[in-house]
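Asker: based on what follows, work out the 3D shape:
(one chain, ligands or ions: 2)
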Amino acid sequence: MKHLFALNKYLSKYKWHILLGIVFVSIYRFCSILIPQTIRDALDFVFAKVEENKTVGNAAGSFTELYGSDILYYSVKMIGFALVMGVFMYLMRQTIIVMSRLIEYDLRKEIYGHYQKLDSAFYKRNKTGDLMSRITEDVSKVRMYLGPALLYGINLIALFVIVIIAMFKVSPTLSFYTLIPLPFLSISIYYVSRIINKKSEAIQIQLAKLTSISQEVYSGIRVVKSYVKTNEFLTFFDNESETFKQKSLDLARVNALFFPLMILLIGLSTLLTIYMGGILVSRGEITNGNIAEFIIYVNYLTWPFTSIGWIASLIQQAEASQKRINEFLETEPAMQNQEQLNIPLKGKIVFENVSFTYKDSGIKALDNISFKVEEGQKLAIVGLTASGKSTIADLLLRTYNIDQGQILVDDIPIEQHALSHLRKSIGYVPQDVFLFSDTIQNNISFGVGEMSSSDIEQIAKHVAVHDDIIGFPEKYQTIVGERGVSLSGGQKQRISIARALIKDPAIVILDDSLSAVDTKTEQKINNYLENELKGRTSIVITHRLSSLHSYDHIIVLDEGKIIEEGSHQQLIALNGQYADMLDKQKYEYTT
Ligand SMILES: Nc1ncnc2c1ncn2[C@@H]1O[C@H](COP(=O)(O)OP(=O)(O)OP(=O)(O)O)[C@@H](O)[C@H]1O
Ligand SMILES: [Mg+2]
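Answerer: Ligands and ions are numbered 1, 2, ... in the order given. Below you'll find the predicted structure:
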């Protein structure tokens, strides 16, 4: 149970719910025991009167006339107890089940808050589906422990204690015989429920497999169709569904055995009660009413005996789920703020002998990189693919911590800037554009919250996407992505540039953000960057060299090292890699 101890802080937060819950459960159970006792009294009364009438004769009137009001009294008493039980059942659910919902909410909030703090290495390591299932299904399983398992657990103990005391008070001998079959009942239920659990788990795993296959196929439906793989996937899906069906039928068979077994053992208990009870009545040790009372007790007791297995399995599942949740909650975010410097950024960037290796792949992406960008300057980074360009952007955003050397922003080590402040000051357009399934307007104003429509239009005009947007039927209110229109690659890129620039950031980083726009549009956006964004530091990663003549500084990367640097003219004069790449591109564009 050690993993579930993590929940103790919540249990103590809601201790009044639990204490009240225990009180309500006890009252509820106490009332439930009064019902069979009333039945016993009623029956004993009736038997006694019948005997009496036999000897005296019923001259005084019919049985109903004579004793109707007494019997009515017993009935009303029982209904009264049942009503009180109802009220307390309501109250115990209101305390304990409500508490489990409150803790579920708290826990989910805690996990979500923690997820937000974790770094991108964590997100690379763990699948989105896994993150989601821990915050949804696992939390629900934990709630089953805090709610139903706890409630029924308390209920069970209360019932057990109260019923056993009541039984032994009447007759220890009869109690003993009545209870004989019950241990067998719980042992067999324990084994059967273990089988059931195993089988349900297998079904869960198969279901998860089916879901993930469907999810993959639907998200990659365009690739699947264009490679004419639909039939293969259909067969695959058929086979997996068949397995799922077999496993479900398997479980149904065990379940079908389970209930008859239970009823058999309960029946056995009842039979023993009547048989032994009869003998004891004939010996005059107990009354007829006691037999009726005991039969109800047996029925009461079978429920806790059958539910022990169920409660145990709920706790086991919650334990496994909480273990998975704890794993994530105990993961420390790699980015820790050392100091919280909240001064506005001006935009000077210095890399001093920076080296960086990706931990998970062991790839040394940057090797002893040094460069300097003065406030308001424009730096271009070029190089072959996988040469480490995007890695430089990631390090500037502090997605990862560097291994060697240091990065200075405004002459202060990057680690000393408050993380949120640093990121807010950088307008970053990542290489793989991501837009939310939301309106174009909300996608553009994502980083700034509320923004007037005219400001949004203005920025869209600057990045040359306004005309595209007003071509859509809903204009700026058009929903993009899964639920709405699909945008072209170039449109997506320009919208994400607008999203970065509307923040009015001190530093702009564009990672290959103009790769899907034509050269004319690129020129337009470049002009904007040059004129309107004057005074802002920009770092532009690109493969297209022809547009770089206006840049203050260009660095050429190869396998994580700077192999050439200088201005466009200087690099051409150098007649090295840069000149070579430029030549090849000129040739491609002219032919
Ligand atoms: N998250 C990551 N985990 C592990 N290795 C990575 C990760 N991101 C990049 N790499 C590796 O680091 C190297 C540099 O990658 P990077 O993305 O910086 O290249 P790039 O210059 O931006 O390439 P491109 O022009 O294709 O975008 C590559 O070899 C890549 O495989
Ligand atoms: Mg890249």
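
Asker: run a quick neighbour tally on I195.
Answerer: 15 (other C-beta atoms under 10 Å). Yep, even glycine has a C-beta here, placed from its N, CA and C like the rest.

Asker: tell me the secondary structure for it?
Answerer: helix (DSSP: H, G, I helix; E, B strand; the rest coil).

Asker: could you check how many residues crowd around the closest residue to ligand 2 within the stretch 101-250 of the chain?
Answerer: Going by C-beta to the ion, ligand 2 is nearest to S120 of the stretch 101-250 of the chain, at 14.3 Å. Using other C-beta under 10 Å, S120 is surrounded by 13 other residues.

Asker: which residues does Y428 contact?
Answerer: Applying C-beta atoms under 8 Å, 6 or more residues apart in numbering, we find Y428 in contact with 393, 397, 500, 508-509, 511.

Asker: so where is the stretch 401-550 of the chain shaky, pLDDT-wise?
Answerer: 482-485, 532-533 (pLDDT under 70).

Asker: who in it is up against ligand 1?
Answerer: By C-beta under 6 Å from any ligand atom, the residues of the stretch 401-550 of the chain that approach ligand 1 are Q431.

Asker: same question, the stretch 101-250 of the chain
Answerer: Checking the stretch 101-250 of the chain against ligand 1 by C-beta under 6 Å from any ligand atom, the hits are K124.

Asker: can we see that at 8 Å?
Answerer: 120-121, 124 (C-beta under 8 Å from any ligand atom).

Asker: relative to S193, which of these is nearest.
Answerer: Comparing those against S193 with C-beta to C-beta places K124 closest, at 39.6 Å.

Asker: got the buried residues for the host helix or strand of that closest one?
Answerer: Using DSSP states H and E, K124 sits in helix 120-125. For helix 120-125, the neighbour count (16 or more other C-beta atoms under 10 Å) marks 121-122 as buried.

Asker: render the CA-only coordinates of it in CSV, please.
Answerer: Taking C-alpha atoms only, helix 120-125 is exported to CSV below (Å, rounded to 0.1, in the frame of the first residue of the first chain):
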residue,chain,number,x,y,z
SER,A,120,10.7,18.7,-23.2
ALA,A,121,13.1,15.8,-22.6
PHE,A,122,10.3,14.4,-20.4
TYR,A,123,7.8,14.8,-23.2
LYS,A,124,10.1,13.1,-25.7
ARG,A,125,10.6,10.2,-23.3
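
Asker: helix or strand next in line after it, which one?
Answerer: Helix 120-125 is succeeded, C-terminally, by helix 128-133 (DSSP H and E).

Asker: rewinding a little: can you lay out the residues of the stretch 101-250 of the chain next to ligand 1 as TSV showing pLDDT?
Answerer: What follows is these, written out as TSV (pLDDT from 0 to 100):
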residue	pLDDT
S120	78
A121	78
K124	78
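
Asker: and those residues as JSON lines, adding distance to S248?
Answerer: Compiled in JSON lines, these are given as follows (distance: C-beta to C-beta, whole Å):
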{"residue": "S120", "distance to S248": "39"}
{"residue": "A121", "distance to S248": "39"}
{"residue": "K124", "distance to S248": "36"}
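
Asker: nearest to I402 among those?
Answerer: A121 (13.2 Å).

Asker: for that closest one, give its distance to T399.
Answerer: Going from A121 to T399 by C-beta to C-beta, to the nearest Å gives 8 Å.

Asker: distance from the helix holding K124 to the middle of the chain?
Answerer: 17 Å (C-alpha atoms, centre = their mean, to the nearest Å).

Asker: swap in stretch 235-245?
Answerer: The answer for stretch 235-245 is 27 Å, by C-alpha atoms, centre = their mean.

Asker: could I have it exported to CSV, CA atoms only?
Answerer: Once non-C-alpha atoms are left out, stretch 235-245 reads as follows in CSV (Å, rounded to 0.1, in the frame of the first residue of the first chain):
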residue,chain,number,x,y,z
THR,A,235,-7.6,-7.2,-41.7
PHE,A,236,-5.3,-6.3,-38.9
PHE,A,237,-8.1,-4.5,-37.1
ASP,A,238,-10.4,-7.5,-37.7
ASN,A,239,-7.9,-9.9,-36.2
GLU,A,240,-7.3,-7.7,-33.1
SER,A,241,-11.1,-7.3,-32.7
GLU,A,242,-11.5,-11.1,-32.9
THR,A,243,-8.9,-11.5,-30.1
PHE,A,244,-10.8,-8.9,-28.1
LYS,A,245,-14.1,-10.8,-28.6
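
Asker: in it, what counts as buried?
Answerer: 240, 244.

Asker: circling back to that earlier point, what's the closest non-adjacent residue to the residue of the stretch 101-250 of the chain closest to ligand 2?
Answerer: Spatial nearest neighbour of S120, chain neighbours left out: T399 (4.8 Å); criterion: C-beta to C-beta, 6 or more residues apart in numbering.

Asker: picking up where we left off before, just the contacts of Y428: which are in strands?
Answerer: 508-509, 511 (DSSP state E).

Asker: out of these, the closest to ligand 1 would be?
Answerer: Top of the list for closeness to ligand 1, among these and by C-beta to the nearest ligand atom, is D511 at 7.1 Å.

Asker: for the closest one, grab the count of nearby residues.
Answerer: Counted with other C-beta under 10 Å, D511 comes out at 21.

Asker: was I right about it contacting G427?
Answerer: No: with contact defined as C-beta atoms under 8 Å, D511 does not reach G427; the gap is 11.6 Å.

Asker: helix, strand, or coil at K534?
Answerer: coil.

Asker: quick check: it touching Q377?
Answerer: No: taking contacts as C-beta under 8 Å, K534 lies outside contact range of Q377: 10.7 Å.

Asker: these two: who's more crowded?
Answerer: Neighbour count, other C-beta under 10 Å: between K534 and Q377, Q377 has more, with 17 against 9.

Asker: name the nearest residue to the residue in the stretch 201-350 of the chain that ligand 1 sits nearest to, sequence neighbours excluded.
Answerer: When scored by C-beta to the nearest ligand atom, the stretch 201-350 of the chain has A334 as its residue closest to ligand 1, at 12.8 Å. Leaving aside its chain neighbours, A334 sits nearest to D119 (4.4 Å; criterion: C-beta to C-beta, 6+ apart).

Asker: which residues touch that neighbour?
Answerer: 333-335, 399-400.

Asker: assign the most centrally placed residue in the chain to helix, strand or coil.
Answerer: For the chain, the residue nearest the mean C-alpha position is I135 (1.9 Å; C-alpha atoms, centre = their mean). Under three-state DSSP, I135 falls in the helix class.
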